[in-house]
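Visitor: Sharing a model that was predicted from the sequence below.
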Amino acid sequence: MLYLIALWAVLLTNSVGGAQTFEGTPRIIDGDTLELQGERIRLGHIDAPESGQVCLDSFEQVYSCGDMATQALSRLIRGQVVLCEVYGVEFYGRYLGECWVEQISINRWLVVNGYAVAYRKHSKAYIPEEEEAREEKRGIWVGAFIMPEEWRKRHPR
């Protein structure tokens with residue numbers, strides 16, 4: 001079993017040929033996924049609310065936080081060129097990567113502004129940014145929400 005896990009890790013690392021980059025004007029899929037040069041890239045180390053996911057605002061009113069995250073990502077990019085460095089492939093076959101628009105880390109920007117959370121299940125990256133967003137009540141932290149991973153479990157496709 002340990003051999004299979006090690007083999008899977010090697011294949012995952014090598015499947016993207018080391019540090020592979022994609023550059024261009026992306027199509028926004030959702031709050032944490034882009035399509036660039038015909039490839040889907042999941043923004044690594046973060047988890048944004050899902051399309052169709054709802055949250056409560058500070059007045060306990062329901063709103064579509066999944067759509068809010070997608071719209072925030074669209075506004076940040078505004079048709080500009082994005083550079084993504086991919087480092088792996090996830091379960092659904094999408095590349096995992098860190099992406100930038102101008103000099104801004106898209107992954108970090110989404111978390112620090114409260115449009116995504118640190119994906120603690122897979123990484124310790126962006127935990128300080130998430131804590132800052134929570135303390136400042138930015139984005140989804142202004143009200144109440146279910147973590148995206150838990151929401152997916154409760155609403156399977």
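Guide: The structure has been received and is ready for your questions. Quick caveat, the model's predicted, so the values are computed rather than measured. Residues are numbered from 1 along each chain as shown.

Visitor: Do a quick rundown of the strands in this structure.
Guide: Along the chain, counting by DSSP state E, strands occupy 20-24, 27-30, 33-36, 39-43, 46-47, 55-56, 62-63, 82-89, 95-101, 104-105, 117-118.

Visitor: Can you tell me which of those is most buried?
Guide: strand 46-47 (a mean of 26; mean count of other Cβ atoms under 10 Å). The way it works is simple: take the backbone N, C-alpha and C, and place the C-beta from them, glycine included.

Visitor: what pairs with it, and is each one parallel or antiparallel?
Guide: When sheet partners are counted by DSSP bridges, strand 46-47 sits next to strand 117-118 (antiparallel).

Visitor: Residue 19 contacts residue 85, doesn't it?
Guide: Yes: between residue 19 and residue 85 there is a contact under Cβ atoms under 8 Å: 5.7 Å.

Visitor: would a markdown table of the strands of the chain with distance to residue 137 and mean pLDDT be doable?
Guide: Formatted as a markdown table, the strands of the chain follow (distance: least, Cβ to Cβ, whole Å; pLDDT from 0 to 100):
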| stretch | distance to residue 137 | mean pLDDT |
| --- | --- | --- |
| strand 20-24 | 34 | 96 |
| strand 27-30 | 23 | 97 |
| strand 33-36 | 26 | 97 |
| strand 39-43 | 23 | 97 |
| strand 46-47 | 19 | 98 |
| strand 55-56 | 13 | 98 |
| strand 62-63 | 15 | 98 |
| strand 82-89 | 28 | 97 |
| strand 95-101 | 25 | 98 |
| strand 104-105 | 22 | 98 |
| strand 117-118 | 14 | 98 |
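
Visitor: Dump those into CSV; add distance to residue 111 as well.
Guide: As requested, those are exported to CSV (distance: least, Cβ to Cβ, whole Å):
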stretch, distance to residue 111
strand 20-24, 21
strand 27-30, 15
strand 33-36, 15
strand 39-43, 10
strand 46-47, 6
strand 55-56, 16
strand 62-63, 19
strand 82-89, 17
strand 95-101, 12
strand 104-105, 9
strand 117-118, 6
